[in-house]
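Colleague: Build me a model:
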Amino acid sequence: MNCEKIWEWLGYGGAFFVIFGYYLNANSLGYHWSVWVVGNCLVGAYSIHKKAYSTAIMSFVIFLLCVLGLIKS
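Modeller: Residues are numbered from 1 along each chain as shown. Okay, here's the model as predicted:
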């Protein structure tokens with residue numbers, strides 16, 4: 001598997017974790033903050049790799065907010 005395919009799968013994985021985090025939160029199930037932290041971190045890293053810096057900044061800001069939510073919960 002080449003490096004570009006790995007980055008592509010990391011991007012898909014990040015999107016999956018973010019969506020799954022929304023599902024967990026909407027259904028009042030636990031661990032949604034942790035899932036969002038992982039998802040936003042992966043999306044942010046993928047965005048930097050693709051040079052989509054505005055998306056990366058947004059992902060890392062949301063990542064920080066999720067960490068704050070995780071600490072406060």
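Colleague: Which elements pack onto whichever helix in the chain runs longest?
Modeller: Determined from DSSP state H, the single longest helix within the chain is helix 3-26. Applying 3 or more Cβ pairs under 8 Å, 6 or more residues apart in numbering; DSSP states H and E, we find helix 3-26 packed against helix 32-49. Quick note: C-beta positions are derived from backbone N, CA and C, even for glycine.
Colleague: Contacts for the helix it packs on, please.
Modeller: Applying Cβ atoms under 8 Å, 6 or more residues apart in numbering, the set of residues contacting helix 32-49 from outside is 7, 10-11, 13-22, 24-25, 53, 55-56, 59-60, 62-63, 66-67, 69-70, 73.
Colleague: Give me the PyMOL select line for those residues, limited to the buried ones.
Modeller: The following PyMOL command selects only the buried members of the contacts of helix 32-49, with burial defined by 16 or more other Cβ atoms under 10 Å:
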select buried, resi 10+11+14+17+18+20+21+24+25+56+59+60+62+63+66+67
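Colleague: pLDDT wise, what is Glu4 at?
Modeller: At Glu4, the pLDDT value in this model is 89.
Colleague: so how many other residues sit close to it?
Modeller: Neighbour count for Glu4, taken as other Cβ atoms under 10 Å: 9.
Colleague: what's the answer for Lys5, then?
Modeller: Lys5 sits with 9 neighbouring residues when counted by other Cβ under 10 Å.
Colleague: which ones are touching it?
Modeller: Neighbours of Lys5 in contact, by Cβ under 8 Å, 6+ apart: none.
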